[in-house]
Each structure stands twice: as structure tokens, then as C-alpha cells.
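Novice: when you get a sec, could you give me coordinates for this:
(2 chains)
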Amino acid sequence: MEALINALPGSAAQGLIWGILAIGVYITFKVLDYADLTVDGSLATGGAVAVMCIINGANPYVAIVAAFVAGMLAGLVTGLFHTVFGIPPILSGILTQLGLYSVNMRILGKANQAVSVDQYALTVSLRYIKEACITTGICCIIIILILYWFFGTELGASIRATGCNQNMARAQGINTNVQKVLGLVLSNGLVGISGALYAQYQGSADVNMGRGAIVIGLASVIIGEVAFGKIFHNFALRMFAAVLGAIIYFIVIAIVLQLGLSTNDLKLFSALIVALFLALPHLKGSLFAKAGGRGGKKDAKD
Amino acid sequence: MLRIEKVYKTFNPGTINEKKALNGIDLILKEGDFVTVIGGNGAGKSTILNMIAGVYPVDSGKIVIDSADVTKLPEHKRAKYLGRVFQDPMTGTAADMNIEENLAIAARRGKNRFLGWGITGKEKQVYQKRLEALDLGLETRMTAKVGLLSGGQRQALTLLMASLEKPKVLLLDEHTAALDPRTAKKVLDLTEEIVEKNHLTTMMITHNMKDAIRLGNRLIMMHEGRIIYDVAGEEKKSLKVSDLLSKFGEASGGEFSNDRMMLS
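Specialist: Residues are numbered from 1 along each chain as shown, chains lettered A, B, ... in the order given. I've put the predicted structure just below:
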């Protein structure tokens, strides 16, 4: 029990860092209705770019901005694959993700590059968990505020309309391809920031650090929605729910590790959790249909 | 206002599913024309509307709206000339966005969208007035998600969105077909009102021949991708459903049997 309580601040810090990724996934998966698998690659790209910048003497904040830009480029590639070349959404993401592995190797020069908090003035580190929580927490809030403003603008509204109903968006003069690319660019930029913070936090960038990131992102978004969907209606709060979802995810992971789950089994556990939460609405629907006849939505009065 | 010249369209050419949807359409609409379009299933009614809107490219021919050649323009670039209402009430609105947001998006049709506010307080007041005029009680639910509205309410909202910025041509693709008769009548009355008030050039597809005769100043009948009957003015006003049926029978070589048109 005590070990668990000791682990909690670390879970919170990790949750906040991955919360930024979760916000990115929220933009593609929820707002744009696009299952973007670029994330696994762009997280590592963000980490790699940030670490190499810092090692080469850049200010860690500048390194984070560079990671943001690198992530955006990854999103741009996926977006162009899909819109210009007509490759289906999931496959576009997979292609970028696969290609990014080589790109990340090139950036790092090897599979793993350490960056020590003793040598460099890192923004976050697991050595100083409380400070890491505060820094990433502020980061999350700033990002949410900026996005809240952005999605209230004409451009942001166009992205939302595209995700909601492409026919309507085009009929109202919105270039849906441009909006999809914009959404992917923005989302992967955030994933890049998340990767930059995560690499600093754990003291190294690794080409494999993004493996399964999309699943963690989806888990966060879904957990946030299940836990807070009923009370959070505001758009900013919904993004905040994704961050809280990420924190809950890492706390749950800490708990199951305490209960004796092997770290090797973690990915299977994560995958099953996400599968379960994704299946719930469907299962609920089909069960309801069996119990309550047709179960069709009752037509509202005109 | 709208000029269609020798437009041809074949779907799935060279395959077993080849379908000549449009077979050389020529049509000119004058400003303020309200044309009703009738024809059996597969006659090409929806296809011609989709061609005008740019949903698919034409095989050959030319489409000119308000003296601008739009033949090569993509759908979103033609949108500034057009107001559209679809058969499926789900198609015309964004369900996860609220009523005022949908209207704000429609108000920016044909304009550049950058980082200005997606909706302003002043706009909200305007929308409230416009919604009041619909008389559906929507003015009190401006922040409700459109997904919560009934099919009739959504079609009424789509109509308002289509006419918010006066379009050069209003395209109505059987927009009352999915509604129950009472709601359909209400939406149709609203259509008449909006078209008349804004003096809109309109093309309306319908399966209801009575509506086709009653509404508008011109009627065209399509069959196998051609316009086979085009009537306007006094002659149109004096038409009867039986006239249209016999006209249709002639055109289809007496094979006219259990088409959906018979039922209406």
C-alpha cells in the first residue's frame, strides 16, 4: 500500500505528460473522427528532436518548440498521404509511423540517447517529480486554453464541422481536405511536445518510446469520457477530461503493477482495457436492442 | 443565372454496372425561376443537382452559374453560389454542433475562414430573429445540439442555412421525402415562403406531382438522363397529374408501370 502511495506522484506526472498526447488524440479521434496512428512515430520523433537539440546546447524550451514543429511535419505527411494520394486514414498513419522509425534513428544516430538532468537544465525530470507535475500541469492548461480559443474561431469551427459531417462542410464551402490536414498537423504537434517532455522526464529518447502510444492516448480519451462525459460538457473541460483520463490510466497501471502484474504483460493489459471500453457502447446498444425491442431512437416531436 | 450545356455523365463506364446517368442535358434558368423537377427512379434528377453542386465532375459539357464557369471547380468552391438541402435530414447539418454554430458556418459560406471568431454576439441576435421567423420554437434552443432536433426541424434549419447568405441557385433534392406528410407540408410551405421572400432561383426535385405543379413557375420532367418535357407559365399552371402521367407514359414507351411516381 505504501509503495502504491509512493508511486502516485510519478503516475500523476506521467499522466500529465501523456495527457498532452491525449489532447492530440482527442483532436483526431473525437473532433476530426480520424483514427490517426501516426502518434506512435511522432511521439518518438518529438522525443528524439528535443533530446538532440538539448544535447547540442539548445534551451530545453526551444527544444520543445522544435519537437512541436517536428510532430507537425509528421502529421502533415499523414495528412497528405490521405488527402492528396487517397490512402485510407489508418493506412496513412501506419505508413508515416513506420517511416518515422528510420527518421528517428537518423535523428538520434542510435536507438537510445540519454540526456542527464545533471548535465542539462531539463524542463522536467523524474528526479524532481513535484516540479515535473507543476510544469506539465501548467503546460496542459495553457494548451487547453489555446485550443479552446482556436476551436472557437472560424478555422477551428471548420475543422469541427469537417469531423462531424463532411457533406455539410463542403456544401458550406469548407475545403474538408485542408481541415483534415490541419487537424492532423495540430494533433501530431502536440504529440511531439508530449514526446519532448517524456524523453526529458525519463532522461532519454528511445526509438521505441512511442510503441503503443496511440493505445494509451485512446485509453485516456475514452476513460476521460466515461468518467467525466456526463458532467463535462464544455469543450475545454472535455479536453481536460482526456488529461484526467491519462492520469487515471497511469494510476491504474501503478495499481496493477503493485498487485503483481508483470511489466511484460502491460501492453496486453492496456490493449484489453481499450478494447473493453471501445466495445462497451456497442455491447450496451446490442443488449438494449434485445431487451427493449427495436430500440430505435424515439422520434422527437417536430 | 444557371446555364447547363450538353452535360454528359456515365457512372462506372466500361463495366457491367455502366449507367448513363445524364445524356446531354441543356438547361437555362433565368433569375428568379423556380423549377420543379420530376422523373422516375434513375432518371438523373439527383445526378444533375450533384453535377451543379460539383459532387462529381462532368464527363463533358459546361456548367455556368451567374456568368462564372464552374465546370472545373471543386464542390467547396462552388458552395458560394449555391444553397443546398438534401433528402436525408442528417446530411445538411452538423449534428454535434449547436444550432447557432451551424448557422454561423453557413453565414461564412464563400468567405475566407481564418482566426476570427466562429460566431459573434451580434450574429447570435440576427440568427435568433431568423429562427423566430421559422416559428418552430428553435429561437429558444440556439445552443442545443442539432442532433437533438427532429427531421423536420433539421430540414427547416438547413433551409435557413441555405438562404442565410442569398445563394445564386437553391438546390432542393427531395428535401421533404424523408418527412411525415404533416411535417413535409410545413417544410414545403416554409420553402415557398423563403424562395418567394428572397426571390431565389430554385431547382426542386420532388416525387409529388401535385407539388411539382403547384409550386414554382416551371416544371421539367426527366427520363433516362434527358429532359423530356419542359413547361412554364400558364401552361404549367393548368397541368393536371394525369397529363404528367400520360406524358411520362409516352416517353417511356408505355412501359410505365409500377414506378414510385404512380403512388404520389
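Novice: got a pLDDT number for residue 119?
Specialist: I went with chain A, as the question did not name one. Per-residue pLDDT puts A:Gln119 at 89.
Novice: nope, chain B please
Specialist: Per-residue confidence (pLDDT) for B:Ile119: 90.
Novice: find the nearest non-adjacent residue to it, please.
Specialist: B:Ala104 (3.9 Å; CB to CB, 6 or more residues apart in numbering or on different chains). C-beta: built from backbone N, CA, C; applies to glycine.
Novice: where does that neighbour fall, phi/psi-wise?
Specialist: Torsion angles at B:Ala104 (phi, psi; degrees, to the nearest 10) stand at phi -60, psi -40.
Novice: number of residues surrounding it?
Specialist: As a burial measure, B:Ala104 scores 22 neighbours (other CB atoms under 10 Å in any protein chain shown).
Novice: and if you look at the one 4 residues further on?
Specialist: The burial metric for B:Arg108, expressed as a neighbour count using other CB under 10 Å, is 22.
Novice: also B:Asn41?
Specialist: There are 10 residues near B:Asn41, going by other CB under 10 Å.
Novice: one step back: mind listing what the residue nearest to B:Ile119 touches?
Specialist: B:Ala104 makes contact with A:157, B:118-119, B:123, B:127, according to CB atoms under 8 Å, 6 or more residues apart in numbering or on different chains.
Novice: for A:Ser204, same thing?
Specialist: Residues in contact with A:Ser204 (CB under 8 Å, 6+ apart) are A:51, A:112-115.
Novice: dump the contacts of B:Ala104 to a markdown table, plus secondary structure and neighbour count.
Specialist: Listed next are these as a markdown table, based on DSSP: H, G, I helix; E, B strand; the rest coil; neighbours: other CB atoms under 10 Å in any protein chain shown:
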| residue | secondary structure | neighbour count |
| --- | --- | --- |
| A:Ala157 | helix | 26 |
| B:Gly118 | coil | 24 |
| B:Ile119 | coil | 21 |
| B:Glu123 | helix | 16 |
| B:Tyr127 | helix | 24 |
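Novice: looking at the residues you listed, which is nearest A:Thr45?
Specialist: A:Ala157 (29.4 Å; CB to CB).
Novice: OK, contacts around the closest residue to the closest one other than its chain neighbours?
Specialist: Leaving aside its chain neighbours, A:Ala157 sits nearest to B:Gly118 (3.8 Å; criterion: CB to CB, 6+ apart). Contact analysis of B:Gly118 by CB under 8 Å, 6+ apart lists A:152-154, A:156-157, B:101, B:104-105.
Novice: can you flag the buried ones in the contacts of A:Ser204?
Specialist: Listed as buried from the contacts of A:Ser204 are A:51, A:113, A:115; burial here means 16 or more other CB atoms under 10 Å in any protein chain shown.
Novice: and the closest residue to the last one other than its chain neighbours, what does it touch?
Specialist: With CB to CB, 6+ apart as the criterion, A:Val115 has its nearest non-adjacent residue at 4.7 Å, and that residue is A:Val51. Residues near A:Val51 by CB under 8 Å, 6+ apart: A:63, A:108, A:113, A:115, A:199-200, A:204-205.
Novice: mind checking the SS state of A:Val51?
Specialist: Secondary structure, DSSP: H, G, I helix; E, B strand; the rest coil: A:Val51 is helix.
Novice: equivalent analysis for B:Lys9, please.
Specialist: Using three-state DSSP, the structure places B:Lys9 in strand.
Novice: nearest to B:Thr71, of the contacts of A:Val51?
Specialist: Among the contacts of A:Val51, A:Ala63 lies closest to B:Thr71 (CB to CB), at 50.5 Å.
Novice: tell me if the helix or strand hosting that closest one is near chain B.
Specialist: In this structure, A:Ala63 sits in helix A:60-83 according to DSSP states H and E. No - residues of helix A:60-83 are not located near chain B by CB under 8 Å from any CB of the partner chain, the shortest gap being 12.1 Å.
Novice: now do the buried residues in the helix or strand harbouring A:Ala219.
Specialist: Counting by DSSP H and E, the element that carries A:Ala219 is helix A:213-228. Buried residues in helix A:213-228, defined by neighbour count with 16+ other CB under 10 Å: A:213-225, A:228.
Novice: would you turn those into a markdown table with distance to chain B?
Specialist: As requested, the buried residues of helix A:213-228 are arranged in a markdown table below (distance: CB to the nearest CB, whole Å):
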| residue | distance to chain B |
| --- | --- |
| A:Ala213 | 26 |
| A:Ile214 | 23 |
| A:Val215 | 25 |
| A:Ile216 | 25 |
| A:Gly217 | 20 |
| A:Leu218 | 19 |
| A:Ala219 | 22 |
| A:Ser220 | 20 |
| A:Val221 | 15 |
| A:Ile222 | 17 |
| A:Ile223 | 21 |
| A:Gly224 | 17 |
| A:Glu225 | 13 |
| A:Phe228 | 17 |
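Novice: A:Lys180 and A:Asp33 touch, don't they?
Specialist: No - using CB atoms under 8 Å, A:Lys180 makes no contact with A:Asp33, being 9.7 Å away.
Novice: returning to that earlier point: now, among the contacts of A:Val51, which is nearest to B:Glu196?
Specialist: Set against B:Glu196, the nearest of these by CB to CB is A:Ala63 (63.3 Å).
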